[in-house]
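Visitor: Here's a sequence, model it:
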Amino acid sequence: MKKKVLSELALYHGDIIMPPGWEIDYKKIASDIFTANIYDKEEVAFSKDLERLDKYVYETFQVRGHGRLSKSKPFKYHILLPNESSEIILKADMNDSGVSSDFVCLCAVTVAPDSTNIVLNYNNNRLRDRTERLQLMQNEYIMFPTTQTFYFSKNTSQQINIFLEQEYVLA
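Guide: Residues are numbered from 1 along each chain as shown. Just a heads-up that it's a prediction; the model follows:
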């Protein structure tokens with residue numbers, strides 16, 4: 001008997017471990033996000049810390065043998081106030097896959113412990129409407145296909161939770 005896998009759902013996640021002297025200043029990123037939010041901008045102004053984060057993700061992806069990535073859009077953000085959750089999010093344009101990115105990467109900027117989850121919705125053959133709940137803390141990221149819907153569960157803390165979002169295409 002032979003097996004051929006026609007489809008899979010890959011989740012890439014881990015800690016962001018930077019070398020000494022190249023640490024990411026999450027307070028500066030949070031400040032930049034609040035500034036963008038004040039001016040009703042959906043995108044975060046590019047900075048040295050965002051460049052380091054971006055390089056870490058795509059170089060780690062390549063070194064681990066998963067392929068080459070290139071950034072397709074500017075960084076965006078998600079802010080969750082206390083007792084707030086997000087709506088279901090789909091990053092891919094299902095009507096025009098040629099303009100869609102391949103992966104979305106979410107990175108925790110400031111997150112209270114045990115306060116919220118990223119909930120991925122998926123189907124596993126005949127097992128429909130499955131979910132995978134992942135908790136991210138500061139210095140952690142998750143990357144998955146843009147064709148997967150996801151949302152942020154209710155923020156049960158009294159702290160504002162902030163996440164960065166970056167989309168990538170396979171180069």
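Visitor: Can you tell me the SS state at residue 31?
Guide: State at residue 31, reduced to three classes by DSSP: H, G, I helix; E, B strand; the rest coil: helix.
Visitor: Okay, helices next: where are they in the chain?
Guide: Using DSSP state H, the helices of the chain run over residues 26-38, 48-63.
Visitor: how far does the longest strand seen in the chain sit from the chain's center?
Guide: For the chain, the strand with the greatest residue count under DSSP state E is strand 161-170. In this view, strand 161-170 has its centroid 4 Å away from the chain centroid, taken as Cα atoms, centre = their mean, to the nearest Å.
Visitor: which parts of that strand are buried?
Guide: Of the residues in strand 161-170, 161, 162, 163, 164, 165, 166, 167, 168 count as buried by neighbour count, 16 or more other Cβ atoms under 10 Å. Any C-beta I mention is one placed from the backbone N, CA and C, and that applies to glycine too.
Visitor: One more: stretch 72-79?
Guide: Buried residues in stretch 72-79 (16+ other Cβ under 10 Å): 72, 75, 76, 77, 78, 79.
Visitor: Would you check how far apart the residue nearest to the fifth one when sequence neighbours are not counted and residue 170 are?
Guide: Translated: residue 78. Excluding the flanking residues, the one nearest residue 78 by Cβ to Cβ, 6 or more residues apart in numbering is residue 163, at 4.4 Å. Note on residue 163: its distance to residue 170, by Cβ to Cβ, to the nearest Å, is 23 Å.
Visitor: quick one: average confidence on stretch 141-154?
Guide: The average pLDDT for stretch 141-154 rounds to 95.
Visitor: Which positions within it qualify as buried?
Guide: 141, 142, 143, 144, 145, 146, 147, 148, 150, 151, 152.
Visitor: wait, what's in contact with the residue nearest to residue 78?
Guide: 77, 78, 80, 106, 107, 108, 109, 111, 118, 136, 152 (Cβ atoms under 8 Å, 6 or more residues apart in numbering).
Visitor: switch to 6 Å and redo it
Guide: 78, 106, 108 (Cβ atoms under 6 Å, 6 or more residues apart in numbering).
Visitor: now swap in residue 136 and tell me
Guide: Here residue 136 is in contact with residue 108 (Cβ under 6 Å, 6+ apart).
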